[in-house]
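A.B. asks: I would like to see how this sequence folds:
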Amino acid sequence: MSEAETPLRPVSDQAYDDTVLPFAVEPLDVRGRVVRLGPAIDEILTRHAYPPPVARLVGEAAALTVLLGAALKSEGRLQLQTRSDGIVDMIVVDFDAPDRLRAFARFDEAKLAEMAPGAELLGHGHLALTIEQGSDVARYQGVVALEGQGLGEAAHQYFRQSEQIPTFVRLAVAESLTGAGTSWRAGGLLLQFLPASVERQRQADLAPGDAPQGAILPETLEDDAWAEAKAVAATVEDHELVDPGLSSERLLFRLFHERGVRVFGPQAIRAACRCSDERIAAMLRNFTQAERDDMVGENGKIGVTCEFCSTHREFEPKDFAVE
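C.D. replies: The predicted structure follows:
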């Protein structure tokens with residue numbers, strides 16, 4: 001049976017955490033993904049014991065990174081990194097295809113304590129997305145300015161400037177109260193307009209990101225299908241993206257049942273760090289002997305703590321001595 005002949009089936013109400021669900025709304029020439037993060041994001045955030053505002057921001061960054069990274073090949077890697085003058089001056093999220101996620105953030109505790117309600121944590125700086133798809137494909141990096149617009153709008157700006165693909169992104173993070181206590185959850189929806197016809201592609205074209213400031217750009221009319229898809233997607237509520245009892249399929253049916261939505265195989269996500277004894281030892285060998293001597297602690301060993309997973313390792317200085 002061909003893909004076009006795939007029979008309709010009932011919407012599944014089985015909700016799965018730590019998954020990405022790809023989908024298509026073919027009458028609107030739209031494709032997208034829904035991500036639902038439960039234990040994976042809770043493990044990442046609670047391991048660092050971030051204050052709630054910082055945890056929410058890191059959760060958003062993780063959901064966004066998974067939404068983007070899930071399109072990579074099995075050996076691909078995507079890194080999201082922000083650097084700014086804000087309270088949170090750095091966030092790094094790594095997604096190693098097909099399923100490994102890790103993240104950490106650096107923030108100013110004193111500034112956070114003085115932060116006014118609703119203040120933006122990121123400040124001014126930049127967001128960089130770095131994509132690696134194996135040794136045979138050149139490394140790619142896209143950079144957009146952070147000007148207090150938040151991660152969702154920064155993602156929109158990235159797609160307008162770097163990918164030239166009409167894109168809608170919605171992110172949500174929340175603490176869930178259970179009988180065992182509280183746990184973090186994150187979710188996200190990504191929608192992209194990918195028309196097949198040449199004429200509709202022209203209508204979907206975005207203004208070039210490298211156009212000179214002040215340049216007069218040709219006026220283009222937004223495709224009706226994309227306008228409809230965006231309007232429908234904009235109705236999604238934050239609680240729908242993080243509700244553990246609402247399946248991704250049911251959410252998509254709520255949004256696009258009038259047009260029909262096709263879902264594809266879900267992709268599992270897990271919290272996992274790529275650090276290891278061997279990797280850290282190799283890193284230490286890249287330092288000079290004098291630099292390693294400065295790393296020796298009071299216990300006579302070199303201690304290294306991974307910023308991502310907080311794992312602390314200790315090494316014997318003599319193992320790196322130059323003969």
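
A.B. asks: tell me which helix or strand residue 281 sits in.
C.D. replies: Here residue 281, judged by DSSP states H and E, is contained in helix 277-285.

A.B. asks: what packs against that helix?
C.D. replies: strand 302-305, strand 312-315 (3 or more C-beta pairs under 8 Å, 6 or more residues apart in numbering; DSSP states H and E). C-betas here are computed from N, CA, C, even on glycine.

A.B. asks: need the contact list for the residue nearest the centre of the chain.
C.D. replies: Residue closest to the average C-alpha location in the chain (C-alpha atoms, centre = their mean): residue 65, at 1.6 Å. Contact analysis of residue 65 by C-beta atoms under 8 Å, 6 or more residues apart in numbering lists 78-80, 93-95, 101, 103.

A.B. asks: what pLDDT does it get?
C.D. replies: Residue 65 is assigned 97 on the pLDDT scale.

A.B. asks: three-state assignment of it?
C.D. replies: helix (DSSP: H, G, I helix; E, B strand; the rest coil).

A.B. asks: and the gap between it and residue 54?
C.D. replies: Between residue 65 and residue 54 the distance is 16 Å, computed by C-beta to C-beta, to the nearest Å.

A.B. asks: average pLDDT for stretch 230-244?
C.D. replies: 96.

A.B. asks: and if you look at stretch 150-165?
C.D. replies: 89.

A.B. asks: what does it rub up against?
C.D. replies: 57, 60-61, 64, 68, 82, 120, 122, 127, 129, 142, 144-146, 149, 166-171, 192-194, 205-210.

A.B. asks: mind checking which of those are in strands?
C.D. replies: 82, 127, 129, 142, 144-146, 167-171, 192-193 (DSSP state E).

A.B. asks: residue contacts, residue 67?
C.D. replies: 20, 33, 35, 169, 188-190.

A.B. asks: secondary structure and neighbour count for these - can I get that in CSV?
C.D. replies: What follows is these, written out as CSV (DSSP: H, G, I helix; E, B strand; the rest coil; neighbours: other C-beta atoms under 10 Å):
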residue, secondary structure, neighbour count
20, strand, 24
33, strand, 22
35, strand, 28
169, strand, 23
188, strand, 29
189, strand, 25
190, strand, 26
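
A.B. asks: just name the closest of those residues to residue 12, please.
C.D. replies: residue 20 (15.4 Å; C-beta to C-beta).

A.B. asks: wait, doesn't that closest one sit right on residue 40?
C.D. replies: No. Counting by C-beta atoms under 8 Å, residue 20 does not reach residue 40; the two are 11.3 Å apart.

A.B. asks: mind listing the shared neighbours of these two?
C.D. replies: Common contacts of residue 20 and residue 40 (C-beta under 8 Å, 6+ apart): residue 269.

A.B. asks: dump the helices and strands packed on helix 277-285 to a markdown table, plus distance to residue 282, mean pLDDT and mean neighbour count.
C.D. replies: Shown next, in a markdown table, are these (distance: least, C-beta to C-beta, whole Å; pLDDT from 0 to 100; neighbours: other C-beta atoms under 10 Å):
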| stretch | distance to residue 282 | mean pLDDT | mean neighbour count |
| --- | --- | --- | --- |
| strand 302-305 | 12 | 90 | 16 |
| strand 312-315 | 11 | 90 | 14 |
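
A.B. asks: in TSV, list those along with distance to residue 253.
C.D. replies: Compiled in TSV, the helices and strands packed on helix 277-285 are given as follows (distance: least, C-beta to C-beta, whole Å):
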stretch	distance to residue 253
strand 302-305	45
strand 312-315	47
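
A.B. asks: quick check: which of the ones you listed is nearest to residue 289?
C.D. replies: Taking the helices and strands packed on helix 277-285 one by one with C-beta to C-beta, strand 302-305 is closest: 11.9 Å.
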